[in-house]
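Chemist: Sequence below, structure please.
(chains A and B)
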There are 2 protein chains.
Amino acid sequence: MFYLVGLGLCDEKDITVRGLEVVKRSSRVYLEAYTSILMVQKERLEAFYGKELILADRDMVETESDKILRDADKEDVALLVVGDPFGATTHTDIILRARSLNIPTRVIHNASIINAVGACGLQLYNFGQTVSLVFFTETWKPDSFYDRVKENMEHGLHTLMLLDIKVKEQSEENLARGKKIYEPPRYMSITQAVSQLAEIEAARQEGILRLDATLAIALSRVGGEDEQRIVCGTLAELLDQPPEVFGEPLHSLVIVGKRLHPLEVQYAGAYAVDPKSWRDVARHVYKCPYPGHRRRKHSPS
Amino acid sequence: MFYLVGLGLCDEKDITVRGLEVVKRSSRVYLEAYTSILMVQKERLEAFYGKELILADRDMVETESDKILRDADKEDVALLVVGDPFGATTHTDIILRARSLNIPTRVIHNASIINAVGACGLQLYNFGQTVSLVFFTETWKPDSFYDRVKENMEHGLHTLMLLDIKVKEQSEENLARGKKIYEPPRYMSITQAVSQLAEIEAARQEGILRLDATLAIALSRVGGEDEQRIVCGTLAELLDQPPEVFGEPLHSLVIVGKRLHPLEVQYAGAYAVDPKSWRDVARHVYKCPYPGHRRRKHSPS
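Modeler: Residues are numbered from 1 along each chain as shown, chains lettered A, B, ... in the order given. A predicted model of the protein is given here:
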């Protein structure tokens, strides 16, 4: 059997009991090391599992899947994936390949940012499509995310933005020369993400991501024991914060849509950079009063 | 500390290692028993945890949260929730109450149908807002879900529909008489769900949910060891299936939007009622060719 096992979001203890059983009985266990990062090192996972892990980078999962799948018709082989195996990155390719080799497969689900984002207090029901924000370069500033956010905004929906990570990337020079030398990993910060949003808003001028009037929620290490950070404010307020406020990567950013409930404003308000400003924008721009600030009936004014 | 612990989707082994540690060290452990159901009985969980569970029904979680939270400032108390604590039903109320009592809280995330729906092979990126479909009665047939699906469809997005469950509901008569006698639990079947969609389409006639031209994917017991069922087809095809095809509840239904990739058609095609019809509708209505069926360049025709 070939198992795709979700590891959840934070550390070695976020694996499910079922997932742990699979790891322990598998003859080979691969750890996918490119679509996301766990907050702990491979060695800590190995110590916890009592098992050696084989790192599977992008090359391996994409081009050498038969190596991973070898003998999985006769023995148990597991590929460990941060989050859920069908979370932000799907793993349908390797399952399709397994099917074509008549290897039975099974998926062990776990939390991913797609559902754990609910920790910010916004109802998951009211999220639209998820978008990815990639690192801009001097010459490449893809802005299709802006259209996606706009589509969500039209219906009042929130948008989860997954921020780019670059793990085991080669410089253009090394790539051209065929040198397998890799750059240090990079994770997009909240500050960089909001700067990119501001840059595209300034270019497009459609008022979808207004610095002073669009509410956003920054999340990092959701579910982490002491490391989780949730920070809310207008885009301008988030841009003003020193980087340490947002904690360690991975970061995600939620753009708040108009379908907001007073209880959500209250819940997330506990994480606001400036609680008064948070409530004011919710009330005046989003037309969502803070509980206890509802307009009185039969008010004299 | 007050812990909200997600149990995942299927059985006692879907809890995370971290969650299990919390259960074992908590002085009181509540099991929420109304927003969803686990596929196993309370007794099996108790045997696995080596711990007695206190059932918390809707009354208790909503109106007696202080009872659940009692002494959680001095000892560990856990409320177990099927799926993720911020999945389909949020638990922000009880956390807000804990905050107001100065009780520290922590959430242990897990898989929920919101992300595990990816098991059907569709990219989670391309899902719009999630909707709920409630049991229609003779006099009450709420159709706001139709507008939500329409909003998603406009942008080519898929829609996850969560199907109603009725657990510990009172009949109107017993409710009026104040008798705490409860009806047997009911779970909406795929057949009933699709019938309701057809009824609203017939009334609204906007062509959003066309029986012969809208693709849908039925899911049940996602992640279950041998119980998971995924069944794809047009709405009409799903309506034609005998109920046992869809397996045991809980059921969910995905309405497929136009933003479809050939690999997704291939992946989900393995679950199709009629693979040829699945590919034909994908190709001609959704304009998404099956891999290998792409139009040839320089074709003579």
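Chemist: Kindly export the helix or strand of chain A with the lowest mean pLDDT (C-alpha atoms) in CSV.
Modeler: Of all the helices and strands that make up chain A, helix A:58-63 has the lowest average by mean pLDDT, DSSP states H and E, namely a mean of 79. Output of helix A:58-63 as CSV, limited to C-alpha atoms (Å, rounded to 0.1, in the frame of the first residue of the first chain):
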residue,chain,number,x,y,z
ARG,A,58,10.6,18.5,-6.0
ASP,A,59,12.8,16.6,-8.5
MET,A,60,12.1,13.4,-6.8
VAL,A,61,8.4,13.7,-6.3
GLU,A,62,7.8,15.0,-9.8
THR,A,63,10.2,13.0,-11.9
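Chemist: helices or strands up against that helix?
Modeler: helix A:65-69 (3 or more C-beta pairs under 8 Å, 6 or more residues apart in numbering or on different chains; DSSP states H and E). Heads up, the C-betas are built off the backbone N, CA and C, glycines and all.
Chemist: And the helices in the stretch 51-200 of chain A?
Modeler: A:58-63, A:65-69, A:92-100, A:113-116, A:144-154, A:172-176, A:190-204 (DSSP state H, counting those that start in this stretch).
Chemist: Return the distance of the least confident helix or strand of chain A from the chain's centre.
Modeler: Distance, stretch centre to chain centre, for helix A:58-63: 21 Å (C-alpha atoms, centre = their mean, to the nearest Å).
Chemist: What are the contacting residues of it?
Modeler: For helix A:58-63, the external contacting residues (C-beta atoms under 8 Å, 6 or more residues apart in numbering or on different chains) are A:30, A:32, A:34, A:67-68, A:79, A:91, A:93-94, A:168.
Chemist: Can you tell me which of those residues comes closest to chain B?
Modeler: Relative to chain B, the closest of the contacts of helix A:58-63 is residue A:93; by C-beta to the nearest C-beta it sits at 7.4 Å.
Chemist: so what's that closest one up against?
Modeler: Residue A:93 touches A:62, A:65, B:263, counting by C-beta under 8 Å, 6+ apart.
Chemist: and with 7 Å instead?
Modeler: Contacts for residue A:93 were tallied using C-beta atoms under 7 Å, 6 or more residues apart in numbering or on different chains; there are none.
Chemist: Then the one 5 residues further on?
Modeler: Residue A:98 makes contacts with A:2, A:69, A:72, A:105, as judged by C-beta under 7 Å, 6+ apart.
Chemist: Show the contacting residues for the third one.
Modeler: Residue A:72 makes contact with A:1-2, A:98, A:103 under the criterion C-beta under 7 Å, 6+ apart.
Chemist: how near is residue A:269 to residue A:120?
Modeler: 11 Å (C-beta to C-beta, to the nearest Å).
Chemist: Who has more neighbours out of the two?
Modeler: Each of residue A:269 and residue A:120 has its neighbours counted (other C-beta atoms under 10 Å in any protein chain shown); residue A:120 has more, 23 against 17.
Chemist: hmm, back to that, could you identify which of the helices of the stretch 51-200 of chain A is most buried?
Modeler: Each of the helices of the stretch 51-200 of chain A was assessed for mean neighbour count using mean count of other C-beta atoms under 10 Å in any protein chain shown. The highest is helix A:113-116, with a mean of 29.
Chemist: what does the stretch 101-250 of chain A put close to chain B?
Modeler: A:107, A:109-112, A:114-116, A:118-119, A:121, A:123-130, A:151, A:155, A:157, A:223 (C-beta under 7 Å from any C-beta of the partner chain).
Chemist: which of these count as buried?
Modeler: Neighbour counting by 16 or more other C-beta atoms under 10 Å in any protein chain shown classes A:107, A:109-112, A:114-116, A:118-119, A:121, A:123-130, A:151, A:155, A:157, A:223 among those as buried.
Chemist: Filter those residues down to the ones in strands?
Modeler: When DSSP state E is applied, these are split such that residue A:107 fall in strands.
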